[in-house]
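Colleague: requesting a structural model of the entry that follows:
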Amino acid sequence: MKFFFIILILGIFGVQCRQEPRQSSQSQQQSQTQSSTRQATQKEGLKSVVGGARDITLLMDPASESLIGKEIIQTLRLSRFPSRIENTFKVRKPALEKYHISKLWYNAVLVFQMDSPATVAIETEKYLTADEKATIDREGILSIYRESVWSFGQHVYFLVARDSVALLKKGDSYARRIVADIEARLNKDMADEIYQYGLNDERVEQMEKFGWRFDLPSDYSLYKQSEGDRAMMYRRRNLDPLIDRIITVHWGPATEVELTEDRMKQMRDKILAKYSSGDYVGESFLFFRKCRFSGRDALMMEGNWKNDKDMIGGPFRAYLFIDQETSRYYMVDYYVLAIGQKKDRLMRQLEIIISSFSPESG
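Modeller: Predicted structure coming up:
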């Protein structure tokens, strides 16, 4: 007997996270948009979703759970910031008989065998075309994308495996592709919110005079600068004194640096100790890896910064690379102070901002 396994992931656009409450005419426009969305939902005959963009509901039958249950759950949680300690998504696992309710969730994941007597198995097979089933027979596994299947604005992923062998061999890697797509959409929605009021044009023009730039949001300002040390620091204007977000750019002649772990740590300690009240890199949870940043080979360092004088600390991430065209090195660093709060959202905001960094001016 041939078995099929399906992983179904549902999600919708729109991230329900706010940095601080804002009162503006745009918020009124957003309320009007939400009202229009509710009307559109009623017209389509689809129900409204439950939960938020960081919530995932997972349903698994016993056989599928025994095969790759733990791996799928950990993959869907997605640990990136800070230093892969916090999870991006919260995964809930209700009883299988709550399938109909779970279809309404913002993100839902269903894992089951196709010949299962569960209603979900019988119902979802109709969403697979003959060509898709043929591909599954031939390749062993396939991920399929659909929109607005059960709720208005949903993003639906079918991950179908031919049998248990294919599921064990490729299931987790395909789940990683799906959650990467969900994460990309999360980042896009966050970027829309970060830049909803545009850029700090004055500071961006100043950056270009130094021969580099990135898209600095309008609610970020220049914090500290030293043209002598070739260092610029930017800070988000906060209403909450317990939250701080700092971006630092440091640059100079390429002949002054080597892309090594020791050298990178020394550079960061020197700059941040001088311009951030004695901050330094902690030795615990310190990671390095080679990567691509701004289209160039780079060394990434992430971990925890500390300040013994103020008895505070938090997560940071930095990128060091050499631009061959300008014969310069650049170190782009960001860190967060968020006492008693989750850091993933704040770190993700800063990662989105500095991902626009470019050595070319103009």
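Colleague: the longest helix along the chain: which residues count as buried?
Modeller: Longest helix in the chain, counting residues (DSSP state H): helix 164-194. Across helix 164-194, burial judged by 16 or more other Cβ atoms under 10 Å covers 164, 166-167, 170-171, 174-175, 178-179, 181-182, 185-187, 189-191, 193-194. From N, CA and C alone the C-beta is placed, and that goes for glycine too.
Colleague: got a list of what Arg296 touches?
Modeller: The contact partners of Arg296, by Cβ atoms under 8 Å, 6 or more residues apart in numbering, come to 321-323.
Colleague: distance between the longest helix of the chain and the chain's centre?
Modeller: Chain-centre distance of helix 164-194: 10 Å, with Cα atoms, centre = their mean, to the nearest Å.
Colleague: poorly predicted segments of the stretch 251-362 of the chain, please.
Modeller: Across the stretch 251-362 of the chain, the ranges flagged by pLDDT under 70 are 361-362.
Colleague: in it, which spans are helices?
Modeller: Here the stretch 251-362 of the chain has its helices, by DSSP state H, counting those that start in this stretch, at 261-275, 344-354.
Colleague: what's in contact with the first one?
Modeller: So the one you mean is helix 261-275. 224, 226, 229, 231, 233, 248, 250, 257, 279-281, 286, 288, 299, 301, 305, 318, 320, 331, 333.
Colleague: if you set the cut-off to 7 Å instead, what comes out?
Modeller: 224, 226, 229, 231, 233, 248, 250, 257, 279-281, 288, 299, 301, 305, 318, 320, 331, 333 (Cβ atoms under 7 Å, 6 or more residues apart in numbering).
Colleague: which members of those residues are classed as buried?
Modeller: 231, 233, 248, 250, 257, 279-281, 288, 299, 301, 305, 318, 320, 331, 333.
Colleague: now for the residues you listed: which two are most distant?
Modeller: Met233 and Phe288 (22.8 Å; Cβ to Cβ).
Colleague: which strand residues bridge Phe321?
Modeller: Beta-bridge pairing for Phe321 (DSSP bridges): Ala298, Tyr330.
Colleague: and it, what does it touch?
Modeller: So Phe321 contacts 293-294, 296-298, 330 (Cβ under 7 Å, 6+ apart).
Colleague: now those as CSV including distance to Ala95?
Modeller: Formatted as CSV, the contacts of Phe321 follow (distance: Cβ to Cβ, whole Å):
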residue, distance to Ala95
Phe293, 45
Ser294, 48
Arg296, 50
Asp297, 49
Ala298, 46
Tyr330, 52
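Colleague: quick check: mean pLDDT across stretch 239-246?
Modeller: Averaging pLDDT along stretch 239-246 yields 88.
Colleague: in it, what counts as buried?
Modeller: 243-246.
Colleague: which residues are in contact with that stretch?
Modeller: 20, 223, 233, 235-236, 238, 334-339, 346, 350.
Colleague: of the residues you listed, which is the nearest to Glu125?
Modeller: Scanning those for proximity to Glu125, where the rule is Cβ to Cβ, the winner is Leu346, at 42.4 Å.
Colleague: and that closest one, how many neighbours?
Modeller: 24 (other Cβ atoms under 10 Å).
Colleague: for stretch 69-76, what is the distance to the chain centroid?
Modeller: Taking mean C-alpha positions (Cα atoms, centre = their mean), stretch 69-76 and its chain are 17 Å apart.
Colleague: still on that earlier bit, reformat the contacts of Arg296 as CSV; add distance to Gln206.
Modeller: Listed next are the contacts of Arg296 as CSV, based on distance: Cβ to Cβ, whole Å:
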residue, distance to Gln206
Phe321, 22
Ile322, 23
Asp323, 19
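Colleague: going by distance to Glu147, which of those wins?
Modeller: Of these, the one sitting nearest to Glu147 (Cβ to Cβ) turns out to be Phe321, at 37.9 Å.
Colleague: write the ChimeraX selection for whichever of the contacts of Phe321 are buried.
Modeller: Command for ChimeraX that selects the buried part of those, burial taken from 16+ other Cβ under 10 Å:
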select :293,294,298,330
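Colleague: quick one: the strands in the stretch 1-150 of the chain, in order.
Modeller: 5-12, 55-60, 90-92, 108-113, 141-147 (DSSP state E, counting those that start in this stretch).
Colleague: for stretch 268-279, list the C-alpha coordinates in PDB.
Modeller: Below are the C-alpha coordinates for stretch 268-279, written out as PDB (Å, rounded to 0.1, in the frame of the first residue of the first chain):
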ATOM      1  CA  ARG A 268      34.200  46.000  18.000                       C
ATOM      2  CA  ASP A 269      35.400  46.200  21.600                       C
ATOM      3  CA  LYS A 270      37.600  49.300  20.800                       C
ATOM      4  CA  ILE A 271      34.800  51.300  19.100                       C
ATOM      5  CA  LEU A 272      31.900  50.300  21.500                       C
ATOM      6  CA  ALA A 273      34.000  50.800  24.600                       C
ATOM      7  CA  LYS A 274      34.800  54.300  23.500                       C
ATOM      8  CA  TYR A 275      31.400  55.400  22.200                       C
ATOM      9  CA  SER A 276      29.000  53.300  24.200                       C
ATOM     10  CA  SER A 277      30.100  53.700  27.800                       C
ATOM     11  CA  GLY A 278      32.500  50.700  28.100                       C
ATOM     12  CA  ASP A 279      30.500  48.000  26.300                       C
END
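Colleague: one step back: what's the angle between the longest helix of the chain and strand 55-60?
Modeller: Here the directions of helix 164-194 and strand 55-60 differ by 170 degrees (axes from the mean of the first three to the mean of the last three Cα atoms, to 10 degrees).
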